[in-house]
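J.: give me coordinates for this.
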Amino acid sequence: MDSTSSDLIPPPYSALPDRHPSPPLSRKSLNFTTTTILISFLLIVSLLTLFSYNHPPSPDSAKLPENTQSRLARGVAEGVSAKSNPYFSDSVDGSFNWTNAMFSWQRTAFHFQPEGNWMNDPNGPLYHKGWYHLFYQYNPESAVWGNISWGHAVSRDLIHWLYLPYAMVPDQPYDVNGVWTGSATILPDGRIVMLYTGDTIDGVQVQNLAYPANLSDPLLLNWVKHPGNPVLVPPPGIGPKDFRDPTTAWLGPDGKWRITIGSRVGTTLGVSMVYTTDDFIKYELVDRFLHAVPGTGMWECVDFYPVSVDGSKGLDTSENGGGVKHVLKASLDDTKMDHYAIGTYFANNDTWVPDNPEEDVGIGLKLDYGRYYASKTFYDQNKERRILWGWINETDTEANDLAKGWASVQTVPRTVLFDQKTGSNIIQWPVEEVESLRLGSNEFNDVLLEPGSVVELEVGPATQLDILAEFEVEALGSENATVSEEGCGGGAAERSSIGPFGVLVLAHQSLSEFTPIYFNVANSSKGSGEAYFCADETRSSKAPDVFKQVYGSKIPVLEGENYSMRVLVDHSIVESFGQGGRRVITSRIYPTEAIYGAAKLFLFNNGTSANVKATVKVWRLNSAFIQPYF
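T.: So this is what the prediction gives:
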């Protein structure tokens, strides 16, 4: 990606300049001295050098190594999306000499992940008799995809999880090649039905029914597969490997239940089919799609649920009528991204129409602009809220995953609400229970960041943090404000008049490694300019055998609002929420030096023509101590 401000970036050095960050900030408001400003100015030169040194090209233009261009990703032959990193093969040149200490540090403290081995999609989340249940795609035998079973864990608060025995394993002709993704529906009388995709002995994707053996068991330890499985097979015109991931069911005005299943017609038309049922055993295919979008390819892990346009609570999946919009989300197999749109569901003919056709499913908004896929929501009747789960996969090599013995993490569960201020997007926010992990905090008020300043925040080891930051911008001079053509551009090194500015997380003291979470702004008049929310992984790790890129999106910033972010740091996972959760970016990073006590936190302003005043509160977070129940 060509820099639009290369004249402002010094040439790269062969070694790190012998300069050091300015002294850590105390917890009180600070007045900068001339010396401090000078040190910050010198540091930004080093920072720009580090940003630009060996800066990789953008993912859109980058050429992959020849030995990865034609590699068939794991899982594709079985008819599911690629389940391993498509950017590197196990024989990638320039592999890094990882140590056990580095691998151990990568394991998260409060994000859910199994004790070991491979995990992917979240399945059938629900609340039952005082316990939250999470099921997930799991390989009991290895840290790479295969032998897919359903792992199972429970929690009282969505944070402190306990591992349970597997819920289901591939042991029947209709699922012998994998117990794949599915959803739970809680019926009005309290019964639970679980629909899931099975990969048959013949390699055909079918839908199967399962239910708890003992509904009075709060832990739901034992599950029964319906003896008449499969209950659904691919209909005419749908490929045997293009029929998967049934949703939670909703009740229509005619008293029948509906589910929707993702598929495609031909190679490019992404579709969501609707089936009706009285008993979850016999089904009738509706003669029209819930929705279809040309050019989006195979839809999988479809999600469909209502949101209140003027309320502060989540809605049961069967809610409809006045004051209700519906969110339709699809995970696109072709791009490995989760897209959604907001629209209207017409129950009389089981169709859905987007509010804005120019931002339809697959061509508009993403749930998360980072490393994120296969998301699923459920209605939490305990607290009347809708909870969203998502899968964070790896960007290193399978050889590295095998060496550390595990792969993949789930996001922190998020609440989902309609954004009443913009009327055009949803709001995602970490569940309130995350705050139970907060320990001591540090506050930094009205910190002045002049153009070219970088300042360390003294918070101690910065590997488990909850960061709330707000920024006020004051443009300098009368020059026209500029922003890189693509907003986030080639990363935080591409300077504009107003930005980038934000935080550097998991940063080494020497700035040999760091990950900027930042805003870039097209002009200083909030409400009339374009703002972008971004995460730059290109300097997050010195290791060459991990994929690093710049993520981001245009973000609504309304008149009178300051720029704000919340950032959860959990070792190798960073979840960033811009403007109260209007945009979210998940980063999966692999530092080699900015780990353990060497991980630091900085503020920075790399803009050329604006002062930025920052107010930040940082909590250190405890571990969730996830462990076996028995």
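J.: residue 400 - that's part of a helix, no?
T.: Yes: secondary structure of residue 400 (DSSP: H, G, I helix; E, B strand; the rest coil): part of a helix.
J.: mind listing what it touches?
T.: Going by Cβ atoms under 8 Å, 6 or more residues apart in numbering, residue 400 touches 98, 103, 394, 545. Just so you know, the C-beta spots here come from the backbone N, C-alpha and C atoms, and that holds for glycine as well.
J.: need those residues in JSON lines (columns: neighbour count).
T.: Below are the contacts of residue 400 laid out as JSON lines (neighbours: other Cβ atoms under 10 Å):
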{"residue": "98", "neighbour count": "18"}
{"residue": "103", "neighbour count": "17"}
{"residue": "394", "neighbour count": "26"}
{"residue": "545", "neighbour count": "22"}
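J.: sort out which one of those lies nearest residue 182 for me.
T.: Nearest to residue 182 out of the contacts of residue 400 is residue 394 (Cβ to Cβ; 23.3 Å).
J.: residue 82 versus the closest one, what's the distance?
T.: 12 Å (Cβ to Cβ, to the nearest Å).
J.: also residue 345?
T.: In this view, residue 345 and residue 82 are 31 Å apart by Cβ to Cβ.
J.: residue 531 now?
T.: For residue 531 relative to residue 82 (Cβ to Cβ), the value is 33 Å.
J.: more neighbours: which of the two?
T.: residue 531 (25 against 17; other Cβ atoms under 10 Å).
J.: ignoring the adjacent residues along the chain, who's closest to that one?
T.: Once flanking residues are discounted, residue 531 sits nearest to residue 557: 4.5 Å by Cβ to Cβ, 6 or more residues apart in numbering.
J.: cool, and residue 570?
T.: Once flanking residues are discounted, residue 570 sits nearest to residue 108: 4.7 Å by Cβ to Cβ, 6+ apart.
J.: please apply the same query to residue 110.
T.: Once flanking residues are discounted, residue 110 sits nearest to residue 624: 4.1 Å by Cβ to Cβ, 6+ apart.
J.: show me what contacts the one you found?
T.: By Cβ under 8 Å, 6+ apart, the residues touching residue 624 are 109-110, 159-161, 437.
J.: buried stuff in stretch 254-267?
T.: Across stretch 254-267, burial judged by 16 or more other Cβ atoms under 10 Å covers 257-265.
J.: and for stretch 231-240?
T.: 231-232, 234, 238-239.
J.: for it, list the C-alpha coordinates in CSV.
T.: Extracted C-alpha coordinates of stretch 231-240, given in CSV (Å, rounded to 0.1, in the frame of the first residue of the first chain):
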residue,chain,number,x,y,z
VAL,A,231,-34.2,-34.9,10.2
LEU,A,232,-33.1,-32.8,7.1
VAL,A,233,-31.0,-33.5,4.0
PRO,A,234,-30.0,-31.1,1.3
PRO,A,235,-33.0,-30.2,-0.9
PRO,A,236,-32.9,-30.3,-4.7
GLY,A,237,-30.6,-27.8,-6.2
ILE,A,238,-28.3,-27.5,-3.1
GLY,A,239,-24.9,-29.2,-3.1
PRO,A,240,-24.2,-32.0,-0.6
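J.: what are the contacting residues of that stretch?
T.: The contact list for stretch 231-240 (Cβ under 8 Å, 6+ apart) reads 79, 195, 202-209, 242-243, 246, 261, 263-265, 273, 275, 280-283, 285.
J.: tell me how far that stretch lies from the chain's centre.
T.: Offset of stretch 231-240 from its chain centre (Cα atoms, centre = their mean, to the nearest Å): 31 Å.
J.: phi, psi of residue 591?
T.: Per-residue torsions, residue 591: phi -60, psi 150 (degrees, to the nearest 10).
J.: isn't residue 248 up against residue 318?
T.: No: if you go by Cβ atoms under 8 Å, residue 248 and residue 318 don't touch, sitting 9.4 Å apart.
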